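*Asks:* I need the structure of the sequence given here:
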Amino acid sequence: ELEIASETKSGIFWQYMTGYTRPSFTPELLHDLYAVRDYLCALAEHEGGSPFQYMVTASKVPGIYNLGGDLPRFVGLIREGDRDGLLTYALSCAEGQYLRAVNFDLPHTTISLVQGDTLGGGFECALADDVIIAEEHAKFGLPEVLFGLFPGMGAYSFLCRRVSPRRAEEMILSGRLYSAQELLELGVIDRVVASGTGEKAVYDFIDQDARRKRVRQVMHRLHRAVNPVTRDELHRIAEIWVDTALTLGKGELRKMERLAQAQDKRLAALRNAD
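*Replies:* Model prediction:
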């Protein structure tokens, strides 16, 4: 579910979500994200330090960064009343978010390059990174409220690092889509660039950052010290999300299924176009 590329000369490690199964947080994507973490930590231990200063997460799916939770899996587990299965999935997502939030305990600046729609858990994934660069056509949203849920991968915690708690709550309860420009003005994302120029914008950011890299890394550490998102906090959120999900009725589950079907039609159209 991931393609990786390393540029040791410029200190960049790229990971591209491929959406091979579906462009959501499937168990397969979670497995590959953990495998990348293990690789980077082992490499740093072997080399006596990481050769990378930047880790960039992007997507190979045209027009889509990540659409969030694995909706068909949710529906199946909820209908079966399988709390253990749902909790295992939710805690895996929560742990991944915590590891992103602390940069795998490596001296990386993490960057999300958003070149398409990012919804639910996809938005939460980007929020866990130090820097978010988005192309101007990208759309962001937390649609969980539309089927009686809330974003369970720490959206409220991560948004409160960037905006006020009241604004974070408004964004979650609205269920609406936001443009990249709107989120830039709110202070949620860091840069908006022209469509098709995202990768160039990453290199431009890194070139500009070189002069202040040490200070920026210290500021990120201060940010995490003053506004920490802890493992225990994210795990508690995941448990609340699971218990809430198990109370959903038939109507909410049908809404979730319709959203999944709309996503599948969109993916089928993309693949036929290719």
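*Asks:* how close does the nearest residue to Glu169 once chain neighbours are set aside sit to Tyr178?
*Replies:* Closest residue in space to Glu169, ignoring its immediate chain neighbours: Tyr156 at 7.2 Å, by C-beta to C-beta, 6 or more residues apart in numbering. C-beta coordinates here come from the backbone N, C-alpha and C atoms, glycine included. Tyr156 sits 16 Å away from Tyr178, going by C-beta to C-beta, to the nearest Å.
*Asks:* which residues of the protein fall in strands?
*Replies:* 2-7, 12-17, 54-59, 64-66, 109-114, 117-119, 131-135, 139-141, 177-179, 191-193 (DSSP state E).
*Asks:* still on that earlier bit, burial check on the residue nearest to Glu169, number of neighbours?
*Replies:* Counted with other C-beta atoms under 10 Å, the neighbours of Tyr156 add up to 19.
*Asks:* Provide a list of residues in contact with the closest residue to Thr26 other than its chain neighbours.
*Replies:* Leaving aside its chain neighbours, Thr26 sits nearest to Asp70 (4.9 Å; criterion: C-beta to C-beta, 6+ apart). When contacts are counted by C-beta atoms under 8 Å, 6 or more residues apart in numbering, Asp70 is found next to Arg22, Ser24, Phe25, Thr26, Pro27, Tyr89.
*Asks:* Next: Ile133.
*Replies:* 111-114, 189-193, 198, 201-202, 205.
*Asks:* Give the bridge partners for it, please.
*Replies:* Leu113, Arg191 (DSSP bridges).
*Asks:* and it, how far is that from Ile206?
*Replies:* 11 Å.
*Asks:* Show me where the stretch 1-150 of the chain has its helices.
*Replies:* 27-47, 71-80, 83-101, 121-127 (DSSP state H, counting those that start in this stretch).
*Asks:* Looking at this protein, name the residue that lies furthest from the middle.
*Replies:* Of all residues in the chain, Gly48 has its C-alpha farthest from the mean position, at 28.9 Å, by C-alpha atoms, centre = their mean.
*Asks:* so the worst-scoring helix or strand of the chain on mean pLDDT versus strand 109-114, what angle?
*Replies:* Taking mean pLDDT, DSSP states H and E as the measure, the chain has helix 213-226 as its least confident helix or strand, at a mean of 75. On the basis of axes from the mean of the first three to the mean of the last three C-alpha atoms, to 10 degrees, helix 213-226 is oriented at 90 degrees to strand 109-114.
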